[in-house]
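Asks: could you look at this predicted model? Sequence included:
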Amino acid sequence: MKENAEKTATAILGGGCFWCLEAAYERLPGVIGVENGYAGGSRENPSYESVCSGLTGHAEVVRITFDTSKLGYPELLELFWKIHDPTTEDRQGADIGEQYRSVIFYLDEAQKAAAEVSLKEAQTRFTDPIVTDILPAPTFWKAEDWHQGYFRRHPEEAYCRIVVAGKLRKAGLGL
């Protein structure tokens, strides 16, 4: 093994539409890749349609692979609090339903501890209570191919121009 070999870690986060989170995290230095998917529900191999039905219990999430020599888990969480409203239960703006809930799925005890510290720190910046769940990571189900890289491929679509781009600007990630 090379002495300077890249060290990677994974995070799974949900904060509204996964297109928004994917677009933001893809712009963060140190992120190697972002996959859109579903997690936290009871149905195996869920589809977008089944998740949107509200009957699966899944949330739209992103699975982020990052280079730990360039980016830490706490920094991923800092962006998480900036790109969505963690004080609204089961919704982000006009996106309403359990699939849009705010959730941090931790993969180990260190992530759990970091998420708990980060939430307490973030709460000082919000008037309303944060409703974000911090839960052990369940199975991640990759979303359909047409969801992957959505903002990159469709920046001209209304939702992308208004909602996704707005979140990127708010987080200081520009366009």
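Replies: Happy to help now that I have it.
Asks: okay, buried residues for stretch 66-86 please.
Replies: For stretch 66-86, burial by neighbour count (16 or more other CB atoms under 10 Å) applies to 66, 71, 73, 76-77, 79-86. Any C-beta I mention is one placed from the backbone N, CA and C, and that applies to glycine too.
Asks: no no, stretch 15-35
Replies: Per 16+ other CB under 10 Å, stretch 15-35 contains these buried residues: 15-28, 31, 34-35.
Asks: equivalent analysis for stretch 87-94, please.
Replies: Quick answer for stretch 87-94 (16+ other CB under 10 Å): 88, 91-93.
Asks: quick revisit: in strands only, show me the buried residues of stretch 66-86.
Replies: Counted as lying in strands by DSSP state E, out of the buried residues of stretch 66-86, are F66.
Asks: strands of the protein, start to end?
Replies: Going by DSSP E, the chain shows strands at 8-15, 31-39, 59-67, 91-92, 95-96, 102-106, 133-136, 141-142.
Asks: any idea which of those strands is most buried?
Replies: Neighbour counts (mean count of other CB atoms under 10 Å) averaged over each of the strands of the chain peak at strand 59-67, with a mean of 24.
Asks: what average pLDDT does it get?
Replies: Mean pLDDT, taken over the full extent of strand 59-67, equals 98.
Asks: how far away from the center of its chain is that strand?
Replies: Relative to its parent chain, strand 59-67 has a centroid offset of 6 Å by CA atoms, centre = their mean, to the nearest Å.
Asks: ok, stretch 44-58 next?
Replies: 17 Å.
Asks: what lies in contact with that stretch?
Replies: Contacts to stretch 44-58, defined as CB atoms under 8 Å, 6 or more residues apart in numbering, come from residues 38-43, 60, 97-99, 139, 141, 143-144, 147.
Asks: for the nearest residue to T68 once chain neighbours are set aside, grab the count of nearby residues.
Replies: In space, T68 comes closest to K7 once its chain neighbours are excluded; the distance is 4.6 Å by CB to CB, 6 or more residues apart in numbering. Neighbourhood size, K7 [other CB atoms under 10 Å]: 10.
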